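Visitor: Sequence first, predicted coordinates after that:
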Amino acid sequence: MAKLSFTLHNTDPGSKARAGTITTDHGQIETPIFMPVGTVGSVKGVHMQELKSDIGAEIILGNTYHLYLRPGTEVLEEAGGLHGFNGWDRPILTDSGGYQVYSLAHRRKIKEEGVTFQSHIDGSKHFFSPERAMDIQRSIGGDIIMAFDECPPYPCDYRYAKNSMDMTHRWLQRCVDHFDSTPDKYGYTQNLFPIVQGSTYEDLRKASAETIASFDRPGNAIGGLSVGEKSDDMYRITELCCDILPTDKPRYLMGVGTPVNLLECIALGVDMFDCVLPTRNARHGLLYTRNGQMNMKNLKWKNDHSPIDPDGPCPTSRFHTKAYLRHLIHSGELLGGQLASIHNLSFFLWLVKEARMHIQNGDFARWKDEMVPKLQQRL
């Protein structure tokens, strides 16, 4: 058992991009990395063997709010945590439930003690405090556990953003105190990451990044972005935070984003990403490729019997045709969403691995500038 460590191997001379390795008790993660989101303990439509062999995932994310409601911590503890429950033997990151608090604005009340909320399933009332969020995540079994924070809405006024940030910092102290006074579960080390907040206000983000860094945890996260703000604001705040957060610890940008977002934020110094976009959009027939985006519902693919992505990283997309995938999606066949999800996740993992290779080669900035216009095309 050892605390999470981060080794920085390369930096790109034309940007702030970094290539490194995160080491956990469940294995190593090569950064930059994209983490598929397994909301209720599964990445929608994809089984664990595909995540490993076809997609190449090195770490997945579990959602504390959803796993707390179903199947519940008692079931997870009996299984030996989420690793034992779903059969994933590589690292897992758990979020704290803070984002669900943000998204359930009509179903929750925030106080200094914590958050009271109603279940979206049956309307039952529940309470999350910073301490409770730590206990639940310990039970779920994350290798990386996130601090309990408030994600402020966008837009919000300065006073709200500051009060929210200050409370997030107070909650962080409570998270740290409780986390450090409780033992790891299941025989491996669990690691706490704090979260920078402050909306799009630069002085608040600066203060929050400095506060978060002062806690000297194994890694740090940037939250409260990709919630409706313009991309330029996302990049501006991300760069500001990355410039303050320590270089010897991984930086995790939560909930981001599109392939273009990933490349632009890698260039700013981000190491870790997660987003539901590749699987959510896949279920609606949107595919990402190195040459642009494909809407598989379009009539133009009806009689296109060429492979979905003949030179792409996904084996199933080199085998199945565009016409077949369009038929599946157009018919509402479950296999259509599954194939599209495997394709998109394979592409996202390929993209960050390519980024790592170009960082190591010292030509990431040039490669990124060539890739971004291609990724934005509609095919």
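Guide: Perfect, thanks for sending it.
Visitor: by contact count, what packs against the strand or helix carrying Ala213?
Guide: Element membership for Ala213 (DSSP states H and E) is helix 202-214. Applying 3 or more Cβ pairs under 8 Å, 6 or more residues apart in numbering; DSSP states H and E, we find helix 202-214 packed against helix 158-180, strand 195-196, helix 231-244. C-beta: built from backbone N, CA, C; applies to glycine.
Visitor: Out of the ones you listed, which is the most enclosed?
Guide: Counting by mean count of other Cβ atoms under 10 Å, strand 195-196 has the highest mean neighbour count of the helices and strands packed on helix 202-214, with a mean of 30.
Visitor: Please identify the pairing partners of that one and their relative orientation?
Guide: Applying DSSP bridges to the sheet, strand 195-196 is found paired with strand 220-222 (parallel).
Visitor: I'd guessed Gly198 sits against Met167; true?
Guide: No: assessed by Cβ atoms under 8 Å, Gly198 is found out of contact with Met167, at 12.0 Å.
Visitor: Which among the helices and strands packed on helix 202-214 is found nearest to Gly14?
Guide: helix 231-244 (14.8 Å; Cβ to Cβ).
Visitor: List of residues touching the helix or strand where Gln49 lies?
Guide: Gln49 is part of helix 48-50 when elements are defined by DSSP H and E. Outside helix 48-50, the residues that touch it by Cβ atoms under 8 Å, 6 or more residues apart in numbering are Asn86, Gly87, Trp88, Ile342.
Visitor: For those residues, which entry has the maximal number of neighbours?
Guide: With neighbours taken as other Cβ atoms under 10 Å, the top of the contacts of helix 48-50 is Ile342, carrying 25 neighbours.
Visitor: Excluding sequence neighbours, find me the nearest residue to Lys374.
Guide: Asn291 (5.6 Å; Cβ to Cβ, 6 or more residues apart in numbering).
Visitor: what does stretch 125-140 contact?
Guide: 62, 64, 67-69, 73, 76-77, 81-82, 92, 94, 96-98, 101, 113-119, 145-148, 171-172, 174-175, 178-179, 182, 184-185, 190, 192.
Visitor: Give me the buried subset of those residues.
Guide: By neighbour count, with 16 or more other Cβ atoms under 10 Å, these hold 62, 64, 67-69, 73, 76-77, 81-82, 92, 94, 96-98, 101, 114-117, 145-148, 171-172, 174-175, 178-179, 185, 190, 192 as buried.
Visitor: Pull the contacting residues for Trp367.
Guide: Here Trp367 is in contact with Glu354, Ala355, His358 (Cβ under 8 Å, 6+ apart).
Visitor: average pLDDT for stretch 325-343?
Guide: Averaging pLDDT along stretch 325-343 gives 96.
Visitor: for stretch 54-70, same thing?
Guide: 95.
Visitor: Over to stretch 349-369?
Guide: Stretch 349-369 comes out at a mean pLDDT of 98.
Visitor: Taking the centroid of the protein, which residue is nearest it?
Guide: With distances taken as Cα atoms, centre = their mean, Asp274 lies nearest the centre of the chain, 1.7 Å away.
Visitor: Tell me the spacing between the closest residue to that residue other than its chain neighbours and Trp88.
Guide: The spatial neighbour of Asp274 that comes closest, neighbours along the chain excluded (Cβ to Cβ, 6+ apart), is Met35 at 4.2 Å. Distance check for Met35 against Trp88: by Cβ to Cβ, to the nearest Å, it reads 12 Å.
Visitor: from the contacts of helix 48-50, which ones fall inside helices?
Guide: Asn86, Ile342 (DSSP state H).
Visitor: want to throw the contacts of helix 48-50 into CSV with distance to Thr7?
Guide: Output for those, formatted as CSV (distance: Cβ to Cβ, whole Å):
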residue, distance to Thr7
Asn86, 28
Gly87, 28
Trp88, 24
Ile342, 31
